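> Fold the following and give me the result.
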Amino acid sequence: MKNTALITGASTGIGRELAMIHAGRGGDLIVVARSQDKLNTLKKELEEKYGVEVMVIAKDLTHPDASKQVFDEVEAHGITIDYLINNAGFGGLGKFHQRPWEDDLAMINLNIVALTALTRFFLPGFVQRNRGKILNVSSTASLMPGPLQAVYFASKAYVTSFSNAIAEELHDTNVTVTTLMPGATETEFGRVSGMDKTEMFKKTASAHKVALAGYNGMLKGKLDVVAGLPLMQRMMMAAIPFSPKKMVLKQIRTMQEVK
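Purely as a prediction, here's the structure:
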(Lines give C-alpha, C1' and ligand atoms only; values in the text may rest on other atoms or scores of the structure.)
Protein backbone atom coordinates (compact mmCIF):
# COMPACT_ATOMS: atom_id res chain seq x y z
CA MET A 1 0.00 0.00 0.00
CA LYS A 2 1.14 3.55 -0.69
CA ASN A 3 0.27 6.99 0.67
CA THR A 4 -1.80 5.16 3.25
CA ALA A 5 -4.30 6.69 5.65
CA LEU A 6 -5.77 4.83 8.60
CA ILE A 7 -9.18 6.26 9.46
CA THR A 8 -11.27 5.26 12.47
CA GLY A 9 -15.02 5.70 12.43
CA ALA A 10 -14.77 5.43 8.65
CA SER A 11 -18.13 3.83 7.91
CA THR A 12 -20.29 6.96 8.25
CA GLY A 13 -20.28 10.74 8.54
CA ILE A 14 -17.07 12.74 8.63
CA GLY A 15 -14.93 9.57 8.64
CA ARG A 16 -16.54 8.25 5.47
CA GLU A 17 -16.08 11.62 3.77
CA LEU A 18 -12.43 11.70 4.80
CA ALA A 19 -11.97 8.25 3.25
CA MET A 20 -13.61 9.42 0.02
CA ILE A 21 -11.41 12.53 -0.12
CA HIS A 22 -8.20 10.59 0.49
CA ALA A 23 -9.09 7.90 -2.06
CA GLY A 24 -10.04 10.62 -4.55
CA ARG A 25 -6.47 11.87 -4.33
CA GLY A 26 -5.06 8.43 -5.04
CA GLY A 27 -4.28 7.32 -1.50
CA ASP A 28 -4.70 3.81 -0.14
CA LEU A 29 -6.68 3.26 3.03
CA ILE A 30 -7.14 1.20 6.15
CA VAL A 31 -10.70 1.79 7.33
CA VAL A 32 -11.72 0.95 10.89
CA ALA A 33 -15.20 0.82 12.42
CA ARG A 34 -17.54 -1.64 14.14
CA SER A 35 -19.65 -2.60 11.12
CA GLN A 36 -17.99 -5.14 8.84
CA ASP A 37 -20.81 -4.80 6.30
CA LYS A 38 -20.57 -1.01 6.04
CA LEU A 39 -16.79 -1.16 5.74
CA ASN A 40 -16.98 -3.80 3.01
CA THR A 41 -19.45 -1.62 1.11
CA LEU A 42 -17.11 1.35 1.46
CA LYS A 43 -14.11 -0.73 0.36
CA LYS A 44 -15.90 -1.85 -2.80
CA GLU A 45 -17.00 1.68 -3.63
CA LEU A 46 -13.56 3.22 -3.14
CA GLU A 47 -11.67 0.52 -5.01
CA GLU A 48 -14.06 0.57 -7.96
CA LYS A 49 -14.34 4.35 -8.18
CA TYR A 50 -10.75 5.39 -7.49
CA GLY A 51 -8.63 2.30 -8.13
CA VAL A 52 -7.04 2.40 -4.69
CA GLU A 53 -6.33 -0.42 -2.25
CA VAL A 54 -8.50 -0.56 0.87
CA MET A 55 -8.01 -2.77 3.90
CA VAL A 56 -10.91 -3.32 6.30
CA ILE A 57 -10.49 -3.77 10.06
CA ALA A 58 -13.77 -4.27 11.91
CA LYS A 59 -13.17 -3.42 15.57
CA ASP A 60 -15.17 -1.92 18.39
CA LEU A 61 -12.70 0.62 19.73
CA THR A 62 -14.64 1.02 22.98
CA HIS A 63 -12.97 -2.25 24.04
CA PRO A 64 -9.68 -1.58 25.87
CA ASP A 65 -7.57 -3.97 23.78
CA ALA A 66 -8.98 -3.03 20.37
CA SER A 67 -6.51 -0.24 19.55
CA LYS A 68 -3.52 -2.52 20.14
CA GLN A 69 -5.18 -5.18 18.00
CA VAL A 70 -5.57 -2.68 15.15
CA PHE A 71 -1.91 -1.67 15.43
CA ASP A 72 -0.76 -5.29 15.56
CA GLU A 73 -2.79 -6.17 12.47
CA VAL A 74 -1.29 -3.29 10.50
CA GLU A 75 2.20 -4.26 11.63
CA ALA A 76 1.60 -7.91 10.74
CA HIS A 77 0.78 -6.86 7.16
CA GLY A 78 3.95 -4.75 6.98
CA ILE A 79 1.99 -1.60 6.11
CA THR A 80 3.45 1.86 6.67
CA ILE A 81 0.88 4.44 7.79
CA ASP A 82 1.42 7.95 6.42
CA TYR A 83 -1.74 9.55 7.84
CA LEU A 84 -3.41 8.60 11.11
CA ILE A 85 -6.92 10.02 11.31
CA ASN A 86 -8.57 9.46 14.69
CA ASN A 87 -12.17 10.27 13.84
CA ALA A 88 -14.22 7.72 15.82
CA GLY A 89 -16.28 9.18 18.65
CA PHE A 90 -19.79 9.58 19.99
CA GLY A 91 -21.80 11.69 22.42
CA GLY A 92 -24.88 11.31 24.56
CA LEU A 93 -27.45 13.71 25.93
CA GLY A 94 -28.68 13.85 29.52
CA LYS A 95 -27.75 14.75 33.07
CA PHE A 96 -24.56 13.00 34.12
CA HIS A 97 -26.03 11.43 37.27
CA GLN A 98 -28.96 10.00 35.30
CA ARG A 99 -27.11 8.60 32.28
CA PRO A 100 -26.07 4.91 32.23
CA TRP A 101 -22.48 4.71 33.46
CA GLU A 102 -21.72 2.02 30.88
CA ASP A 103 -22.55 4.49 28.08
CA ASP A 104 -20.30 7.22 29.44
CA LEU A 105 -17.48 4.76 30.13
CA ALA A 106 -17.68 3.54 26.52
CA MET A 107 -17.58 7.19 25.40
CA ILE A 108 -14.42 7.81 27.43
CA ASN A 109 -12.85 4.64 26.08
CA LEU A 110 -13.55 5.63 22.48
CA ASN A 111 -13.15 9.41 22.52
CA ILE A 112 -10.09 9.47 24.78
CA VAL A 113 -8.45 6.09 25.35
CA ALA A 114 -8.61 4.68 21.80
CA LEU A 115 -7.46 7.96 20.24
CA THR A 116 -4.57 8.26 22.69
CA ALA A 117 -3.55 4.62 22.30
CA LEU A 118 -3.55 4.66 18.49
CA THR A 119 -1.53 7.88 18.52
CA ARG A 120 0.98 6.34 20.94
CA PHE A 121 1.32 3.13 18.93
CA PHE A 122 1.82 4.76 15.51
CA LEU A 123 3.67 7.94 16.46
CA PRO A 124 7.11 6.38 17.15
CA GLY A 125 7.19 5.08 13.55
CA PHE A 126 6.30 8.53 12.25
CA VAL A 127 9.11 10.10 14.27
CA GLN A 128 11.60 7.42 13.22
CA ARG A 129 10.79 8.04 9.54
CA ASN A 130 10.58 11.81 10.20
CA ARG A 131 7.35 12.08 8.25
CA GLY A 132 3.66 11.55 8.82
CA LYS A 133 0.54 13.47 9.70
CA ILE A 134 -2.06 12.97 12.41
CA LEU A 135 -5.58 14.39 12.31
CA ASN A 136 -7.49 14.11 15.59
CA VAL A 137 -11.18 14.95 15.29
CA SER A 138 -12.24 16.97 18.32
CA SER A 139 -15.12 19.48 18.42
CA THR A 140 -15.84 23.11 19.12
CA ALA A 141 -17.36 21.56 22.25
CA SER A 142 -13.77 21.17 23.46
CA LEU A 143 -13.57 24.92 24.08
CA MET A 144 -16.29 25.09 26.76
CA PRO A 145 -18.02 23.01 29.44
CA GLY A 146 -21.17 21.21 28.25
CA PRO A 147 -24.07 20.84 30.65
CA LEU A 148 -26.26 17.90 29.49
CA GLN A 149 -23.25 16.48 27.64
CA ALA A 150 -20.70 16.75 30.43
CA VAL A 151 -18.59 13.73 29.50
CA TYR A 152 -18.67 14.37 25.74
CA PHE A 153 -17.54 18.01 26.03
CA ALA A 154 -14.86 17.04 28.56
CA SER A 155 -13.62 14.21 26.36
CA LYS A 156 -13.22 16.58 23.43
CA ALA A 157 -11.41 19.10 25.66
CA TYR A 158 -8.92 16.32 26.30
CA VAL A 159 -8.52 15.64 22.57
CA THR A 160 -7.76 19.27 21.76
CA SER A 161 -5.36 19.75 24.69
CA PHE A 162 -3.57 16.44 24.05
CA SER A 163 -3.25 17.06 20.31
CA ASN A 164 -1.94 20.61 20.71
CA ALA A 165 0.59 19.49 23.30
CA ILE A 166 2.12 16.69 21.24
CA ALA A 167 2.12 18.95 18.16
CA GLU A 168 4.52 21.20 20.03
CA GLU A 169 6.58 18.24 21.25
CA LEU A 170 7.12 17.38 17.58
CA HIS A 171 8.15 20.91 16.54
CA ASP A 172 11.64 19.78 15.51
CA THR A 173 10.37 16.95 13.27
CA ASN A 174 8.45 16.74 10.01
CA VAL A 175 5.53 15.09 11.83
CA THR A 176 2.46 17.25 12.36
CA VAL A 177 -0.66 16.93 14.52
CA THR A 178 -3.82 18.76 13.48
CA THR A 179 -6.99 19.10 15.53
CA LEU A 180 -10.28 19.32 13.64
CA MET A 181 -12.99 21.09 15.63
CA PRO A 182 -16.35 20.84 13.84
CA GLY A 183 -19.52 22.52 14.94
CA ALA A 184 -22.89 20.80 14.53
CA THR A 185 -22.49 18.55 11.49
CA GLU A 186 -24.97 16.56 9.42
CA THR A 187 -24.01 13.03 10.49
CA GLU A 188 -25.44 10.16 12.51
CA PHE A 189 -23.94 11.81 15.60
CA GLY A 190 -26.98 14.06 16.08
CA ARG A 191 -29.45 11.21 15.92
CA VAL A 192 -27.41 8.80 18.06
CA SER A 193 -26.66 11.40 20.74
CA GLY A 194 -30.16 12.88 20.72
CA MET A 195 -28.78 16.29 19.76
CA ASP A 196 -30.85 16.39 16.58
CA LYS A 197 -33.81 17.50 18.71
CA THR A 198 -32.02 20.52 20.21
CA GLU A 199 -31.49 24.13 19.21
CA MET A 200 -27.76 23.51 18.71
CA PHE A 201 -28.48 21.17 15.80
CA LYS A 202 -31.10 23.32 14.06
CA LYS A 203 -28.53 24.29 11.45
CA THR A 204 -25.84 21.77 10.55
CA ALA A 205 -22.84 21.82 8.22
CA SER A 206 -22.31 19.13 5.59
CA ALA A 207 -19.99 16.31 6.60
CA HIS A 208 -18.13 16.68 3.30
CA LYS A 209 -17.28 20.36 3.87
CA VAL A 210 -16.10 19.66 7.41
CA ALA A 211 -14.02 16.68 6.29
CA LEU A 212 -12.47 18.64 3.43
CA ALA A 213 -11.48 21.49 5.74
CA GLY A 214 -9.91 19.02 8.16
CA TYR A 215 -8.11 17.04 5.47
CA ASN A 216 -6.63 20.13 3.80
CA GLY A 217 -5.65 21.53 7.18
CA MET A 218 -3.88 18.27 7.98
CA LEU A 219 -1.94 18.39 4.71
CA LYS A 220 -0.82 21.94 5.53
CA GLY A 221 0.20 20.93 9.04
CA LYS A 222 -2.19 23.37 10.69
CA LEU A 223 -2.54 23.20 14.46
CA ASP A 224 -6.32 23.71 14.66
CA VAL A 225 -9.08 23.72 12.08
CA VAL A 226 -12.52 25.04 13.09
CA ALA A 227 -15.20 24.08 10.59
CA GLY A 228 -18.96 24.11 10.12
CA LEU A 229 -19.93 26.87 12.54
CA PRO A 230 -22.99 28.97 11.64
CA LEU A 231 -22.79 32.71 12.31
CA MET A 232 -24.66 32.59 15.63
CA GLN A 233 -22.32 29.96 17.03
CA ARG A 234 -19.23 31.80 15.73
CA MET A 235 -20.39 34.91 17.59
CA MET A 236 -21.05 32.86 20.72
CA MET A 237 -17.62 31.24 20.57
CA ALA A 238 -15.93 34.63 20.19
CA ALA A 239 -17.79 35.98 23.22
CA ILE A 240 -17.14 33.05 25.58
CA PRO A 241 -13.75 34.24 26.95
CA PHE A 242 -15.28 37.59 27.92
CA SER A 243 -18.57 36.29 29.39
CA PRO A 244 -19.37 35.25 32.96
CA LYS A 245 -19.02 31.48 33.19
CA LYS A 246 -22.41 30.94 34.84
CA MET A 247 -24.09 32.78 31.98
CA VAL A 248 -22.22 30.69 29.41
CA LEU A 249 -23.16 27.46 31.19
CA LYS A 250 -26.82 28.42 31.27
CA GLN A 251 -26.77 29.35 27.58
CA ILE A 252 -25.16 26.04 26.59
CA ARG A 253 -27.59 24.07 28.74
CA THR A 254 -30.54 25.84 27.14
CA MET A 255 -29.23 25.13 23.64
CA GLN A 256 -28.92 21.43 24.49
CA GLU A 257 -32.33 20.94 26.04
CA VAL A 258 -34.70 18.82 23.99
CA LYS A 259 -37.57 21.02 22.81
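
> mind listing the helices for the stretch 101-250 of the chain?
101-108, 115-129, 150-169, 188-193, 207-220, 231-239, 245-256 (DSSP state H, counting those that start in this stretch).

> Rebuild these as a markdown table, extending it with mean neighbour count.
The way it works is simple: take the backbone N, C-alpha and C, and place the C-beta from them, glycine included. Formatted as a markdown table, these follow (neighbours: other Cβ atoms under 10 Å):
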| stretch | mean neighbour count |
| --- | --- |
| helix 101-108 | 15 |
| helix 115-129 | 18 |
| helix 150-169 | 19 |
| helix 188-193 | 17 |
| helix 207-220 | 20 |
| helix 231-239 | 13 |
| helix 245-256 | 15 |
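
> looking at those, which is closest to Gln36?
helix 188-193 (17.2 Å; Cβ to Cβ).

> what mean pLDDT would you report for the closest one?
Helix 188-193 shows a mean pLDDT of 56.

> now Ala167, nearest residue through space, not along the chain?
Val177 (3.9 Å; Cβ to Cβ, 6 or more residues apart in numbering).

> hey, what's the one you found bridged with?
Residues in a beta bridge with Val177, per DSSP bridges, are Ile134.

> so what's it up against?
For Val177, the contacting residues are 133-134, 136, 163-164, 166-167, 170, 223, by Cβ atoms under 8 Å, 6 or more residues apart in numbering.

> For Met181, find the nearest of the helices of the stretch 101-250 of the chain.
Here helix 150-169 is closest among those (Cβ to Cβ), at 6.8 Å.

> Please name every helix or strand in contact with that closest one.
If contacts are counted by 3 or more Cβ pairs under 8 Å, 6 or more residues apart in numbering; DSSP states H and E, helix 150-169 sits against helix 101-108, helix 115-129, strand 132-137, strand 175-182.

> Worst mean pLDDT among the helices of the stretch 101-250 of the chain?
helix 188-193 (a mean of 56).

> which element is Leu18 on?
Leu18 belongs to helix 13-24 when elements are defined using DSSP states H and E.

> The very next helix or strand once past that helix pairs with which strands, parallel or anti?
Moving toward the C-terminus from helix 13-24, the next helix or strand (DSSP H and E) is strand 29-33. Using DSSP bridges, the strands paired with strand 29-33 in its sheet are strand 5-8 (parallel), strand 54-58 (parallel).

> can you put these in JSON lines and add mean neighbour count, distance to Ala141 and mean pLDDT?
Listed next are the strands paired with strand 29-33 as JSON lines, based on neighbours: other Cβ atoms under 10 Å; distance: least, Cβ to Cβ, whole Å; pLDDT from 0 to 100:
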{"stretch": "strand 5-8", "mean neighbour count": "26", "distance to Ala141": "19", "mean pLDDT": "98"}
{"stretch": "strand 54-58", "mean neighbour count": "18", "distance to Ala141": "28", "mean pLDDT": "98"}
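
> That's all I had, so thanks and see you.
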